[in-house]
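*Asks:* With the input below, show me the fold.
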Amino acid sequence: MKLVRGLVVIVSAGSLFLALPAGAQPKASLVRASAEIAMHLERGLPVVKLTLSQPEPVSSLPRLVTTPAVATRWVAVGPHQVAAIALQTPPASAPYRIEVPATWNCAATCTLTKIYVVNTHATLNSTWTAQLLAELNYLPVSFTSPAGPFAVAEVPGTFHWRFNSLTTLKPLWNPAVTNPILTGALMRFEDVHGLPTTGLADSATWSALLRAVQLHQVNPATYNNVVVSQTQPESLVLYQNGTATLHATVNTGISQSPTQVGTYPVYLRYVTQTMRGTNPNGTKYVDPGIPWVSYFYGGDALHGFIRASYGYPQSLGCVEMPFATAGVLWPHTPIGTPVTVLP
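*Replies:* The predicted model follows:
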């Protein structure tokens with residue numbers, strides 16, 4: 001610290017800050033912040049990184065508020081940038097509410113005047129998520145443990161496959177990692193509870209999931225999945241709780257625009273839609289009134305389409321079927337329904 005013409009100059013950590021003469025009141029100023037937010041919390045790494053409209057010493061900044069509380073400290077990472085560094089390892093799978101600073105009123109210290117809330121989480125514990133979804137019948141597996149049928153806390157237990165007929169899904173199941181079955185189940189749960197169908201266990205989804213287990217709010221519908229075979233004649237089978245309830249002859253994509261092979265959850269649906277796109281030869285198409293549409297991968301969807309015949313590749317990637325068949329299928333392919341396309 002040194003005196004320069006009546007002003008106190010404080011040099012700290014490579015930053016220069018000027019203090020007013022003794023007895024003077026610092027003038028408050030509005031400081032705006034733009035943020036980068038970590039979607040996964042980890043000890044030693046930033047939870048939030050802010051770019052400020054003017055430099056401020058980190059000692060003047062109020063602590064970052066998270067729920068649950070995670071200890072952090074502000075560090076200067078640039079002339080106009082500060083970061084809140086996590087000082088502890090957050091509990092796995094806990095959803096977090098972060099009150100991100102938007103504006104401060106700064107004088108000797110800074111007071112928050114505006115925040116916005118971001119919901120995030122620590123590294124997702126897939127096994128715990130799978131446990132909760134299985135207890136609510138959103139998965140093709142059940143979960144048993146000494147804690148009983150509706151355990152909210154993560155407990156030791158065993159997953160059991162419910163439907164032996166679902167041979168296309170069984171190899172994909174692994175409760176320890178994110179997979180199409182788990183993602184689809186989360187989407188189905190979110191759709192039932194009026195949440196954005198992201199397939200991610202954010203704070204809102206996690207809170208709803210815990211509450212549903214506490215209240216025993218099980219899946220109100222059957223567990224459904226669709227299997228499409230491209231072996232000619234091409235076919236589709238709808239399974240409800242492991243029982244095949246619909247068999248249909250369908251068309252899939254031609255070689256220039258094939259249907260995506262694999263298992264994917266339905267993510268978007270329409271009762272009717274005008275489909276637009278480009279043919280392989282470069283011409284445009286506009287098909288109005290396409291009924292009973294369930295998208296499962298990019299532009300690939302299950303839907304009705306009038307053809308002279310069915311059973312071999314004719315579409316531009318979609319799975320086509322007669323209007324009447326599509327009308328029977330559509331109510332049983334809600335958001336999150338796994339669709340498997342076999343070679």
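*Asks:* show me where pLDDT drops low in the stretch 51-200 of the chain?
*Replies:* Low-confidence segments of the stretch 51-200 of the chain (pLDDT under 70): 89-95, 120-124.
*Asks:* Please name the residues that touch the residue most central in space within the chain.
*Replies:* Central residue of the chain (C-alpha atoms, centre = their mean): Leu200, 2.7 Å from the mean position. Residues near Leu200 by C-beta atoms under 8 Å, 6 or more residues apart in numbering: Leu186. (Each C-beta comes from the backbone N, C-alpha and C, glycine too.)
*Asks:* quick one: secondary structure of Thr129?
*Replies:* Using DSSP: H, G, I helix; E, B strand; the rest coil, the structure places Thr129 in helix.
*Asks:* tell me which element Ala33 is part of?
*Replies:* Assigned by DSSP states H and E, Ala33 falls within strand 29-37.
*Asks:* Tell me the buried residues in that strand?
*Replies:* For strand 29-37, a neighbour-count test (16 or more other C-beta atoms under 10 Å) marks Val31, Ala33 as buried.
*Asks:* Give the partner strands of that strand in its sheet and their orientations.
*Replies:* strand 46-52 (antiparallel), strand 95-106 (antiparallel) (DSSP bridges).
*Asks:* any chance you could map the strands in the stretch 51-200 of the chain?
*Replies:* In the stretch 51-200 of the chain, the strands defined using DSSP state E, counting those that start in this stretch lie at 65-67, 72-78, 81-86, 95-106, 110-121, 141-144, 158-161.
*Asks:* Tell me the span between the first and last residue of stretch 259-267.
*Replies:* Length of stretch 259-267, first residue to last, C-alpha to C-alpha, to the nearest Å: 16 Å.
*Asks:* and that stretch, average pLDDT?
*Replies:* Stretch 259-267 shows a mean pLDDT of 94.
*Asks:* can you check stretch 226-238 too?
*Replies:* Averaged over stretch 226-238, pLDDT sits at 98.
*Asks:* Can you give me the buried ones in it?
*Replies:* Buried residues in stretch 226-238 (16+ other C-beta under 10 Å): Val226, Val227, Val228, Ser229, Gln230, Glu234, Ser235, Leu236, Val237, Leu238.
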